[in-house]
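*Asks:* here is a sequence with its predicted model. Questions after.
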Amino acid sequence: MEVSLRENSPLTSPPTERPKAGILHFGPGAFFRAFNAIYTAEAMAHSGGNWGIRAVSLRSAGIRDTLAAQHYIYTAAMLMPDGIEYTQVDVIDSILVAPENPQAVLAALCEANIRIVSLTITEKGYCFDPATNGLDHNNPDIMHDLDHPETPRTAIGFLVYGLAQRRAAGLPPFTVLSCDNLPSNGALVRRMVLELAHAVDPSLADWIGAEARFPSTMVDRITPATTARDIENLRQAIGIDDSGCVVHEPFRQWVIEDDFVKDDHPNWAAAGAQMVTSVDAFELMKLRCLNGSHSTLAYLGYLAGYKTIAAAMCDTRFADLLTRLWAREIIPTIPTPEGEDLHAYCHALQERYKNPSIHHKTSQIAMDGSQKLPQRLLGAISDNLKMGNSAPLLCLAVAGWMRYVGGTDELGQEIDVQDPMAQQLRNAVIKSTRPEEAVQALLGIEAIFDPELAQNPKFEASVTTAYISLLEHGTLKTIERELYA
């Protein structure tokens, strides 16, 4: 459960009692521990229930080893503008490491008490092909999972074979709850699961399609990577040595489609989650208003020399850029979700970005841009063009991404581009003899750019103009020319 820390509260003593695990979660990273776990702890504190969480790491044993040494209890640090509030969280009962023992994960998926399987595995973890929006059957891990059902490597493989075991045992399926920043994430994971299941056994796919549930969600909480400084601050403030601690902003929002197997889930609404019929409008609001502006700040802010979002927002040029971006190019493309005020939502975003205690690195947000660009920026550009509107600031953000993936900043220093397509993107830039060629080469990558958008003359011209300006005048001068000319 979630308990406010006291002076010198130890992490070395196991809790006297824990709820039985009702959730299996893939991806025990910082976001999950700062978001899902805290919501679930609060839900049980309010309404009870056996909704403890057993987590699964699909890669390394690092977080398991760290948290196991302290009985899976960890500290969550809420970074407020004027201080830090520490909370102890002990809702996790254990962490399985899939590469060490995949059979243990499959066994856990088949436990009757596990009714929800949730995921925070990033875009790459869903093994989908952006070009077809279907399962990537050429993915080596998917190919492995088809040939070796007893030792899956992917979350999709574990879900399919776990559901197959439940069906064989006469158990109901679990609800699959995606909590990643992907449009219609529930529908996406359902599609991937059904495609793989159909390749394994068409009747299994039919059973999953009829009986399982895949509600979509929208999640929102800024969770910067924990630093050595955060750990030292915790030690000095509370007297606790916790290398598994997580840091997060005060704000949080969780919107969940109320569609679960047997309507069985924790009382997350008591913890402030919004249970709705459809998350589509909320999801679009977040993807474009928050994630889209975050990516804009990440690429342009990094190029301008700012290492964090808060530092960039101290520059009035970036604050003005976002204000105009939201008002003119993003909000007009979004239907207003029930109970929301889009202008107020964006104003709140701006205040969140300015929080000096949140050291959210622009380089962290810039990661995996090839996977994120279509949802965060390109969809809004397409909608603007369909409405007859230009989108110069969104196009500037795309040009900023192009400048960034070229791998060299404005001072000639190398950029460590973290992206599954990093080498292909860099080659597209460095093999071009003119800026126009670099833009055309990047726009020609159909895994990122829909050909209909890439071949739109207005879009191509706007991105090219912005890209050349970034090269010739630098980021800040380009922003000034766009805003104040």
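*Replies:* On my side now, so go ahead.
*Asks:* neighbours around Gln413, how many?
*Replies:* Residues near Gln413, counting by other C-beta atoms under 10 Å, number 8. All C-beta atoms are positioned from the backbone trio N, CA, C, and that covers glycine.
*Asks:* contacts only, for the nearest residue to Val193 once chain neighbours are set aside.
*Replies:* Spatial nearest neighbour of Val193, excluding adjacent residues (C-beta to C-beta, 6 or more residues apart in numbering): Leu159 at 5.2 Å. Applying C-beta atoms under 8 Å, 6 or more residues apart in numbering to Leu159 gives the contacts Leu109, Val117, Val176, Val189, Val193.
*Asks:* kindly recompute the last result at 10 Å.
*Replies:* Neighbouring residues of Leu159 by C-beta atoms under 10 Å, 6 or more residues apart in numbering: 26, 109, 117, 119, 152, 173-174, 176, 189-190, 192-193, 196-197, 208, 212, 214.
*Asks:* now do the strands in this structure.
*Replies:* Using DSSP state E, the strands of the chain run over residues 2-4, 21-26, 52-57, 74-80, 83-89, 92-97, 116-119, 128-129, 134-135, 175-178, 217-220, 246-248, 253-257, 274-276.
*Asks:* angle of the third one against strand 92-97?
*Replies:* This points to strand 52-57. Interaxial angle of strand 52-57 relative to strand 92-97 (axes from the mean of the first three to the mean of the last three C-alpha atoms, to 10 degrees): 20 degrees.
*Asks:* show me what strand 52-57 is packed up against.
*Replies:* Here strand 52-57 touches strand 21-26, helix 30-34, helix 36-47, helix 62-68, strand 92-97, helix 102-109, strand 116-119, going by 3 or more C-beta pairs under 10 Å, 6 or more residues apart in numbering; DSSP states H and E.
*Asks:* mind redoing it with 8 Å?
*Replies:* Counting by 3 or more C-beta pairs under 8 Å, 6 or more residues apart in numbering; DSSP states H and E, the packing neighbours recorded for strand 52-57 are strand 21-26, helix 36-47, strand 92-97, helix 102-109.
*Asks:* next: the fourth one.
*Replies:* For strand 74-80, the helices and strands in contact under the criterion 3+ C-beta pairs under 8 Å, 6+ apart are helix 30-34, strand 83-89, helix 228-238, strand 246-248.
*Asks:* possible to save the ones you listed as JSON lines with mean neighbour count and distance to His71?
*Replies:* Shown next, in JSON lines, are the helices and strands packed on strand 74-80 (neighbours: other C-beta atoms under 10 Å; distance: least, C-beta to C-beta, whole Å):
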{"stretch": "helix 30-34", "mean neighbour count": "24", "distance to His71": "15"}
{"stretch": "strand 83-89", "mean neighbour count": "17", "distance to His71": "11"}
{"stretch": "helix 228-238", "mean neighbour count": "15", "distance to His71": "17"}
{"stretch": "strand 246-248", "mean neighbour count": "25", "distance to His71": "16"}
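*Asks:* just how off-centre is stretch 102-118 within its chain?
*Replies:* On the basis of C-alpha atoms, centre = their mean, to the nearest Å, the separation between the geometric centre of stretch 102-118 and that of its chain is 23 Å.
*Asks:* mind splitting the protein into its structural domains?
*Replies:* Residue ranges for the domains of the chain, per automatic domain parsing: 2-276, 280-484.
*Asks:* report the buried residues of stretch 182-190.
*Replies:* By 16 or more other C-beta atoms under 10 Å, the buried positions in stretch 182-190 come out as Leu182, Pro183, Ser184, Asn185, Gly186, Ala187, Leu188, Val189, Arg190.
*Asks:* pull the CA atoms of it into CSV?
*Replies:* Extracted C-alpha coordinates of stretch 182-190, given in CSV (Å, rounded to 0.1, in the frame of the first residue of the first chain):
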residue,chain,number,x,y,z
LEU,A,182,-0.1,5.1,-28.6
PRO,A,183,-3.4,6.1,-30.3
SER,A,184,-6.1,3.6,-29.6
ASN,A,185,-3.6,1.5,-27.6
GLY,A,186,-6.2,-1.1,-26.6
ALA,A,187,-7.3,-1.6,-30.2
LEU,A,188,-3.6,-1.8,-31.3
VAL,A,189,-2.6,-4.5,-28.8
ARG,A,190,-5.8,-6.4,-29.5
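*Asks:* what mean pLDDT does it get?
*Replies:* Averaged over stretch 182-190, pLDDT sits at 93.
*Asks:* and what of stretch 297-309?
*Replies:* Throughout stretch 297-309, pLDDT has a mean value of 96.
*Asks:* quick check: end-to-end length of it?
*Replies:* This stretch, stretch 297-309, spans 7 Å end to end (C-alpha to C-alpha, to the nearest Å).
*Asks:* before we move on, what about stretch 181-188?
*Replies:* Length of stretch 181-188, first residue to last, C-alpha to C-alpha: 11 Å.
*Asks:* and that stretch, how far out from the chain middle?
*Replies:* Put simply, stretch 181-188 sits 11 Å off its chain's centre (C-alpha atoms, centre = their mean).
*Asks:* contact partners of that stretch?
*Replies:* With C-beta under 8 Å, 6+ apart as the test, stretch 181-188 has contacts from 123, 126, 128, 176-179, 214-217, 219, 257, 280, 283-284, 286-287, 291, 372, 375, 379.
*Asks:* let's see that with 7 Å instead.
*Replies:* Applying C-beta atoms under 7 Å, 6 or more residues apart in numbering, the contact partners of stretch 181-188 are 123, 126, 128, 178, 214-217, 257, 283, 287, 291, 375.
*Asks:* now stretch 305-315
*Replies:* Applying C-beta under 7 Å, 6+ apart, the set of residues contacting stretch 305-315 is 297, 301, 318-319, 353-356, 358-362.
*Asks:* list only buried entries from the residues you listed.
*Replies:* By neighbour count, with 16+ other C-beta under 10 Å, the contacts of stretch 305-315 hold Leu297, Gly301, Phe318, Tyr353, Asn355, Ile358, His359, His360, Lys361, Thr362 as buried.
*Asks:* just these: which are in helices?
*Replies:* Counting by DSSP state H, these place Leu297, Gly301, Phe318, Tyr353, Thr362 in helices.
*Asks:* JSON lines for those, including distance to Leu471?
*Replies:* Below are those laid out as JSON lines (distance: C-beta to C-beta, whole Å):
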{"residue": "Leu297", "distance to Leu471": "20"}
{"residue": "Gly301", "distance to Leu471": "17"}
{"residue": "Phe318", "distance to Leu471": "20"}
{"residue": "Tyr353", "distance to Leu471": "27"}
{"residue": "Thr362", "distance to Leu471": "19"}
